[in-house]
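Novice: missing the sequence, but the structure's below:
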DNA sequence: TTAAACTATAAAGCTACTATAAGGTCAATA
DNA sequence: TATTGACCTTATAGTAGCTTTATAGTTTAA
Ligand SMILES: [Zn+2]
Ligand SMILES: [Zn+2]
Ligand SMILES: [Zn+2]
Ligand SMILES: [Zn+2]
(Lines give C-alpha, C1' and ligand atoms only; values in the text may rest on other atoms or scores of the structure.)
(Ligands and ions follow the chains in the order given, each with its own letter.)
Protein backbone atom coordinates (compact mmCIF):
# COMPACT_ATOMS: atom_id res chain seq x y z
CA UNK A 1 0.00 0.00 0.00
CA UNK A 2 1.41 3.37 -1.00
CA UNK A 3 1.16 6.61 0.89
CA UNK A 4 -1.80 7.96 -1.08
CA UNK A 5 -3.91 4.90 -0.43
CA UNK A 6 -3.07 4.93 3.26
CA UNK A 7 -3.95 8.59 3.42
CA UNK A 8 -7.32 8.02 1.80
CA UNK A 9 -8.00 4.99 3.98
CA UNK A 10 -7.46 6.85 7.23
CA UNK A 11 -8.60 10.24 6.03
CA UNK A 12 -5.46 12.33 6.39
CA UNK A 13 -3.17 14.08 3.93
CA UNK A 14 -0.03 12.41 2.70
CA UNK A 15 2.10 15.18 4.17
CA UNK A 16 0.62 14.46 7.57
CA UNK A 17 1.74 10.84 7.32
CA UNK A 18 5.29 11.91 6.44
CA UNK A 19 5.15 14.41 9.26
CA UNK A 20 4.21 11.73 11.79
CA UNK A 21 7.03 9.54 10.51
CA UNK A 22 9.45 12.42 10.90
CA UNK A 23 8.20 13.03 14.44
CA UNK A 24 8.75 9.41 15.34
CA UNK A 25 5.06 8.59 15.78
CA UNK A 26 4.84 6.28 12.80
CA UNK A 27 7.62 3.73 12.08
CA UNK A 28 9.49 4.35 8.80
CA UNK A 29 8.05 1.96 6.22
CA UNK A 30 10.00 -0.05 3.67
CA UNK A 31 10.74 1.60 0.35
CA UNK A 32 10.30 0.41 -3.20
CA UNK A 33 13.28 0.61 -5.57
CA UNK A 34 12.05 4.01 -6.70
CA UNK A 35 11.95 5.29 -3.13
CA UNK A 36 8.18 5.12 -2.69
CA UNK A 37 7.01 4.22 0.82
CA UNK A 38 5.23 0.88 1.21
CA UNK A 39 2.84 0.53 4.12
CA UNK A 40 1.33 -2.49 5.84
CA UNK A 41 -1.91 -2.92 7.77
CA UNK A 42 0.03 -2.33 10.98
CA UNK A 43 0.86 1.13 9.77
CA UNK A 44 -2.80 1.72 9.08
CA UNK A 45 -3.69 0.74 12.63
CA UNK A 46 -0.93 2.90 14.02
CA UNK A 47 -2.05 5.89 12.02
CA UNK A 48 -5.69 5.41 12.97
CA UNK A 49 -4.64 5.25 16.62
CA UNK A 50 -2.80 8.54 16.28
CA UNK A 51 -5.78 10.19 14.61
CA UNK A 52 -8.21 9.02 17.29
CA UNK A 53 -5.87 10.34 19.94
CA UNK A 54 -5.71 13.68 18.13
CA UNK A 55 -9.50 13.81 17.95
CA UNK A 56 -9.47 13.33 21.71
CA UNK A 57 -7.23 16.36 21.95
CA UNK A 58 -4.08 14.51 22.98
CA UNK A 59 -0.82 16.18 22.02
CA UNK A 60 1.77 14.40 19.93
CA UNK A 61 3.92 14.15 23.05
CA UNK A 62 1.10 12.45 24.92
CA UNK A 63 0.56 10.08 22.01
CA UNK A 64 4.24 9.27 22.00
CA UNK A 65 3.98 8.45 25.68
CA UNK A 66 1.01 6.16 25.09
CA UNK A 67 2.95 4.38 22.37
CA UNK A 68 5.81 3.79 24.74
CA UNK A 69 3.38 2.06 27.11
CA UNK A 70 2.02 -0.05 24.29
CA UNK A 71 5.54 -1.21 23.59
CA UNK A 72 5.76 -2.63 27.10
CA UNK A 73 2.40 -4.36 27.48
CA UNK A 74 2.99 -6.20 30.75
CA UNK A 75 3.39 -3.17 32.94
CA UNK A 76 0.44 -2.00 35.00
CA UNK A 77 -1.68 0.53 33.13
CA UNK A 78 -1.73 3.14 35.89
CA UNK A 79 0.41 5.49 33.81
CA UNK A 80 -2.02 5.30 30.91
CA UNK A 81 -4.94 6.06 33.16
CA UNK A 82 -3.03 8.87 34.81
CA UNK A 83 -2.22 10.41 31.45
CA UNK A 84 -5.89 10.42 30.61
CA UNK A 85 -6.80 11.88 33.97
CA UNK A 86 -4.32 14.68 33.43
CA UNK A 87 -5.71 15.33 30.01
CA UNK A 88 -9.26 15.42 31.33
CA UNK A 89 -8.23 18.00 33.87
CA UNK A 90 -6.55 20.05 31.15
CA UNK A 91 -9.77 20.00 29.19
CA UNK A 92 -11.82 20.90 32.23
CA UNK A 93 -9.67 23.86 33.10
CA UNK A 94 -9.90 25.07 29.53
CA UNK A 95 -13.67 24.83 29.73
CA UNK A 96 -13.73 26.74 32.98
CA UNK A 97 -11.47 29.46 31.62
CA UNK A 98 -13.60 29.83 28.52
CA UNK A 99 -16.77 30.04 30.57
CA UNK A 100 -15.30 32.84 32.65
CA UNK A 101 -14.29 34.53 29.42
CA UNK A 102 -17.77 34.16 27.97
CA UNK A 103 -19.31 35.86 30.97
CA UNK A 104 -16.90 38.78 30.70
CA UNK A 105 -17.54 39.12 26.99
CA UNK A 106 -21.30 38.98 27.36
CA UNK A 107 -21.27 41.59 30.09
CA UNK A 108 -18.98 43.76 28.01
CA UNK A 109 -21.28 43.40 25.04
CA UNK A 110 -24.28 44.35 27.17
CA UNK A 111 -22.68 47.70 27.84
CA UNK A 112 -23.43 48.85 24.29
CA UNK A 113 -26.27 48.99 21.85
CA UNK A 114 -25.69 49.62 18.16
CA UNK A 115 -26.82 53.24 18.16
CA UNK A 116 -23.59 54.92 19.18
CA UNK A 117 -20.50 56.33 17.61
CA UNK A 118 -17.22 54.50 18.10
CA UNK A 119 -16.22 57.31 20.42
CA UNK A 120 -19.01 56.39 22.79
CA UNK A 121 -19.02 52.64 22.25
CA UNK A 122 -19.56 50.86 25.51
CA UNK A 123 -17.52 47.89 24.37
CA UNK A 124 -14.41 49.88 23.55
CA UNK A 125 -14.85 51.95 26.69
CA UNK A 126 -15.12 48.78 28.74
CA UNK A 127 -11.90 47.40 27.35
CA UNK A 128 -10.04 50.69 27.58
CA UNK A 129 -10.96 51.31 31.18
CA UNK A 130 -10.11 47.81 32.18
CA UNK A 131 -13.52 46.94 33.59
CA UNK A 132 -12.72 43.31 33.97
CA UNK A 133 -13.73 42.75 37.56
CA UNK A 134 -15.04 39.24 37.31
CA UNK A 135 -11.51 37.93 37.22
CA UNK B 1 10.19 55.92 29.73
CA UNK B 2 12.31 53.10 28.38
CA UNK B 3 11.14 49.68 27.29
CA UNK B 4 11.95 47.91 30.52
CA UNK B 5 9.94 50.34 32.60
CA UNK B 6 6.98 50.10 30.24
CA UNK B 7 7.21 46.33 30.37
CA UNK B 8 7.16 46.30 34.14
CA UNK B 9 4.33 48.83 34.26
CA UNK B 10 2.03 46.78 32.07
CA UNK B 11 3.31 43.38 33.06
CA UNK B 12 4.70 42.04 29.80
CA UNK B 13 8.17 41.16 28.58
CA UNK B 14 10.22 43.65 26.63
CA UNK B 15 10.34 41.30 23.65
CA UNK B 16 6.57 41.25 23.58
CA UNK B 17 6.52 45.02 23.26
CA UNK B 18 8.95 44.91 20.36
CA UNK B 19 6.89 42.16 18.84
CA UNK B 20 3.71 44.24 18.98
CA UNK B 21 5.56 47.15 17.40
CA UNK B 22 6.76 44.89 14.64
CA UNK B 23 3.23 43.62 14.09
CA UNK B 24 1.92 47.16 13.78
CA UNK B 25 -0.14 47.05 16.98
CA UNK B 26 1.97 49.56 18.84
CA UNK B 27 3.23 52.73 17.12
CA UNK B 28 7.03 52.95 16.81
CA UNK B 29 8.28 55.21 19.58
CA UNK B 30 10.96 57.88 19.30
CA UNK B 31 14.52 56.80 19.83
CA UNK B 32 17.32 58.21 21.95
CA UNK B 33 20.66 58.89 20.33
CA UNK B 34 21.80 55.45 21.35
CA UNK B 35 18.82 53.82 19.67
CA UNK B 36 16.87 53.10 22.85
CA UNK B 37 13.10 53.37 22.50
CA UNK B 38 11.38 56.14 24.45
CA UNK B 39 7.75 55.62 25.35
CA UNK B 40 5.00 58.00 26.40
CA UNK B 41 1.87 57.46 28.48
CA UNK B 42 -0.07 56.97 25.28
CA UNK B 43 2.04 53.95 24.52
CA UNK B 44 1.26 52.62 27.95
CA UNK B 45 -2.45 52.96 27.33
CA UNK B 46 -2.16 51.36 23.93
CA UNK B 47 -0.22 48.44 25.32
CA UNK B 48 -2.65 47.96 28.20
CA UNK B 49 -5.50 47.95 25.68
CA UNK B 50 -3.77 45.22 23.70
CA UNK B 51 -3.19 43.13 26.77
CA UNK B 52 -6.79 43.41 27.93
CA UNK B 53 -7.94 42.37 24.48
CA UNK B 54 -5.60 39.38 24.61
CA UNK B 55 -6.95 38.42 28.02
CA UNK B 56 -10.39 38.51 26.42
CA UNK B 57 -9.08 36.05 23.86
CA UNK B 58 -9.10 38.44 20.91
CA UNK B 59 -6.58 37.67 18.18
CA UNK B 60 -4.00 40.20 17.09
CA UNK B 61 -5.98 40.62 13.87
CA UNK B 62 -9.14 41.41 15.82
CA UNK B 63 -7.22 43.88 17.96
CA UNK B 64 -5.88 45.52 14.85
CA UNK B 65 -9.43 45.84 13.57
CA UNK B 66 -10.58 47.44 16.83
CA UNK B 67 -7.70 49.91 16.59
CA UNK B 68 -8.78 50.89 13.11
CA UNK B 69 -12.21 51.72 14.47
CA UNK B 70 -10.68 53.77 17.25
CA UNK B 71 -8.84 55.79 14.64
CA UNK B 72 -12.16 56.80 13.11
CA UNK B 73 -14.23 57.67 16.18
CA UNK B 74 -17.26 59.22 14.49
CA UNK B 75 -18.45 56.13 12.70
CA UNK B 76 -21.26 54.09 14.21
CA UNK B 77 -19.96 51.38 16.50
CA UNK B 78 -21.90 48.54 14.92
CA UNK B 79 -18.71 46.96 13.59
CA UNK B 80 -17.17 46.93 17.06
CA UNK B 81 -20.20 45.27 18.52
CA UNK B 82 -20.33 42.78 15.65
CA UNK B 83 -16.69 41.86 16.19
CA UNK B 84 -17.45 41.12 19.80
CA UNK B 85 -20.54 39.12 18.90
CA UNK B 86 -18.47 37.03 16.52
CA UNK B 87 -15.85 36.48 19.13
CA UNK B 88 -18.46 35.43 21.68
CA UNK B 89 -19.77 32.85 19.29
CA UNK B 90 -16.23 31.58 18.67
CA UNK B 91 -15.80 31.15 22.39
CA UNK B 92 -19.16 29.43 22.74
CA UNK B 93 -18.41 26.92 20.03
CA UNK B 94 -15.06 26.18 21.64
CA UNK B 95 -16.83 25.53 24.93
CA UNK B 96 -19.30 23.21 23.27
CA UNK B 97 -16.57 21.27 21.51
CA UNK B 98 -14.59 20.88 24.70
CA UNK B 99 -17.66 19.70 26.59
CA UNK B 100 -18.26 16.99 24.00
CA UNK B 101 -14.63 16.04 24.32
CA UNK B 102 -14.83 15.90 28.09
CA UNK B 103 -17.74 13.46 27.93
CA UNK B 104 -15.85 11.19 25.55
CA UNK B 105 -12.77 11.28 27.73
CA UNK B 106 -14.66 10.59 30.92
CA UNK B 107 -16.48 7.65 29.40
CA UNK B 108 -13.19 6.33 28.04
CA UNK B 109 -11.61 6.66 31.45
CA UNK B 110 -14.50 4.82 33.05
CA UNK B 111 -13.65 1.79 30.95
CA UNK B 112 -10.57 1.07 33.05
CA UNK B 113 -9.54 0.74 36.67
CA UNK B 114 -5.91 0.83 37.69
CA UNK B 115 -5.55 -2.89 38.29
CA UNK B 116 -4.73 -4.05 34.78
CA UNK B 117 -1.77 -4.54 32.57
CA UNK B 118 -1.26 -2.19 29.64
CA UNK B 119 -2.27 -5.07 27.40
CA UNK B 120 -5.72 -5.13 28.95
CA UNK B 121 -6.10 -1.41 29.62
CA UNK B 122 -9.62 -0.30 28.86
CA UNK B 123 -8.46 3.17 27.89
CA UNK B 124 -5.99 1.98 25.27
CA UNK B 125 -8.47 -0.60 24.03
CA UNK B 126 -11.11 2.08 23.74
CA UNK B 127 -8.89 4.28 21.62
CA UNK B 128 -7.55 1.42 19.51
CA UNK B 129 -10.95 0.04 18.69
CA UNK B 130 -12.31 3.43 17.85
CA UNK B 131 -15.16 3.33 20.36
CA UNK B 132 -15.99 6.97 19.93
CA UNK B 133 -19.70 6.76 19.27
CA UNK B 134 -20.86 9.82 21.09
CA UNK B 135 -19.33 11.96 18.43
C1' DT C 1 37.58 49.67 35.98
C1' DT C 2 34.86 46.27 35.75
C1' DA C 3 30.68 43.88 36.27
C1' DA C 4 25.71 43.97 36.36
C1' DA C 5 21.79 45.41 34.20
C1' DC C 6 19.85 47.25 30.35
C1' DT C 7 19.21 47.92 25.44
C1' DA C 8 19.50 46.58 20.32
C1' DT C 9 18.78 43.35 16.13
C1' DA C 10 18.20 39.01 13.98
C1' DA C 11 17.04 34.39 13.93
C1' DA C 12 15.30 30.12 15.71
C1' DG C 13 11.99 27.45 18.51
C1' DC C 14 7.35 26.21 20.03
C1' DT C 15 2.54 23.04 18.06
C1' DA C 16 0.53 20.40 14.51
C1' DC C 17 0.16 20.66 10.69
C1' DT C 18 -0.56 22.84 5.60
C1' DA C 19 1.25 24.63 1.46
C1' DT C 20 4.61 25.47 -1.97
C1' DA C 21 8.57 24.43 -4.95
C1' DA C 22 11.15 21.61 -7.82
C1' DG C 23 11.68 17.44 -9.38
C1' DG C 24 11.46 12.00 -10.24
C1' DT C 25 8.23 7.89 -11.61
C1' DC C 26 4.62 5.50 -13.80
C1' DA C 27 0.54 4.27 -16.70
C1' DA C 28 -2.31 5.49 -20.33
C1' DT C 29 -3.14 7.93 -24.39
C1' DA C 30 -2.59 10.44 -29.10
C1' DT D 1 7.03 8.19 -29.29
C1' DA D 2 5.82 11.99 -26.96
C1' DT D 3 3.14 13.71 -23.66
C1' DT D 4 -0.29 14.19 -20.31
C1' DG D 5 -1.81 13.33 -15.70
C1' DA D 6 -1.59 11.29 -11.35
C1' DC D 7 1.38 9.92 -8.16
C1' DC D 8 5.65 10.00 -5.46
C1' DT D 9 10.15 12.30 -3.45
C1' DT D 10 12.66 16.01 -0.50
C1' DA D 11 13.18 20.50 1.30
C1' DT D 12 11.48 24.76 2.80
C1' DA D 13 8.22 28.20 4.48
C1' DG D 14 3.99 29.67 6.53
C1' DT D 15 0.33 29.66 10.31
C1' DA D 16 -0.36 32.33 15.88
C1' DG D 17 1.65 34.58 19.47
C1' DC D 18 4.86 34.84 21.47
C1' DT D 19 9.58 32.96 23.90
C1' DT D 20 14.32 31.89 23.60
C1' DT D 21 18.84 32.34 22.01
C1' DA D 22 22.80 34.62 20.01
C1' DT D 23 25.50 38.47 19.53
C1' DA D 24 26.64 42.94 20.58
C1' DG D 25 26.45 47.80 22.16
C1' DT D 26 25.25 51.10 26.43
C1' DT D 27 24.50 52.68 30.90
C1' DT D 28 25.11 52.62 35.78
C1' DA D 29 26.76 51.38 40.20
C1' DA D 30 30.46 49.51 43.14
ZN1 LIG E 1 -3.39 16.77 27.38
ZN1 LIG F 1 -20.65 49.86 20.67
ZN1 LIG G 1 -12.27 35.93 18.00
ZN1 LIG H 1 -6.03 1.21 32.08
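Specialist: Sure thing, it's come through. Keep in mind it's a predicted model, so treat the numbers as computed, not measured. Numbering: from 1, shown residues only, chains lettered A, B, ... in the order given. Ligands and ions are numbered 1, 2, ... in the order given.

Novice: how far does stretch A:20-40 sit from the chain's center?
Specialist: 24 Å (CA atoms, centre = their mean, to the nearest Å).

Novice: my error: substitute stretch A:124-131 in the last question.
Specialist: 33 Å.

Novice: from the centroid of chain A, which residue is nearest?
Specialist: Nearest residue to the geometric centre of chain A (CA atoms, centre = their mean): residue A:57, 3.9 Å.

Novice: so the nearest residue to it once chain neighbours are set aside is in which element?
Specialist: Distances taken as CB to CB, 6 or more residues apart in numbering or on different chains place residue B:101 nearest to residue A:57, at 5.5 Å, with adjacent residues excluded. In this view, the C-beta of every residue, glycine as well, is placed from N, C-alpha and C. In this assignment (DSSP states H and E), residue B:101 forms part of helix B:78-109.

Novice: which strands and helices sit next to that helix?
Specialist: Contact here means 3 or more CB pairs under 8 Å, 6 or more residues apart in numbering or on different chains; DSSP states H and E; on that basis helix B:78-109 packs against helix A:78-110, helix A:122-128, helix B:60-70, helix B:122-128.

Novice: now do that helix against helix A:78-110, angle only.
Specialist: 160 degrees (axes from the mean of the first three to the mean of the last three CA atoms, to 10 degrees).

Novice: buried residues, helix B:78-109. List them.
Specialist: Under the neighbour-count criterion of 16 or more other CB atoms under 10 Å in any protein chain shown, helix B:78-109 has B:78-81, B:83-84, B:87-88, B:90-91, B:94-95, B:98, B:101-102, B:104-105, B:108-109 buried.

Novice: show me what contacts the residue nearest to residue A:6 when sequence neighbours are not counted?
Specialist: Of all residues not flanking residue A:6 in the chain, residue A:39 sits nearest, at 4.8 Å (CB to CB, 6+ apart). Shown in contact with residue A:39 (CB atoms under 8 Å, 6 or more residues apart in numbering or on different chains): A:1-3, A:5-6, A:29.

Novice: so the closest residue to DNA strand D within chain A versus ligand 3, what's the distance?
Specialist: Nearest residue of chain A to DNA strand D: residue A:4, at 2.5 Å (CB to the nearest atom of the strand). Distance of residue A:4 to ligand 3, given as CB to the ion, to the nearest Å: 36 Å.

Novice: residue A:120 too?
Specialist: 23 Å.

Novice: near the nearest residue to that residue once chain neighbours are set aside, how many other residues are there?
Specialist: Distances taken as CB to CB, 6+ apart place residue B:77 nearest to residue A:120, at 7.4 Å, with adjacent residues excluded. The number of residues packed around residue B:77, counting by other CB atoms under 10 Å in any protein chain shown, is 24.

Novice: surely residue B:77 is in contact with residue A:118?
Specialist: Yes: Residue B:77 lies in contact with residue A:118 (CB atoms under 8 Å); the separation is 4.8 Å.
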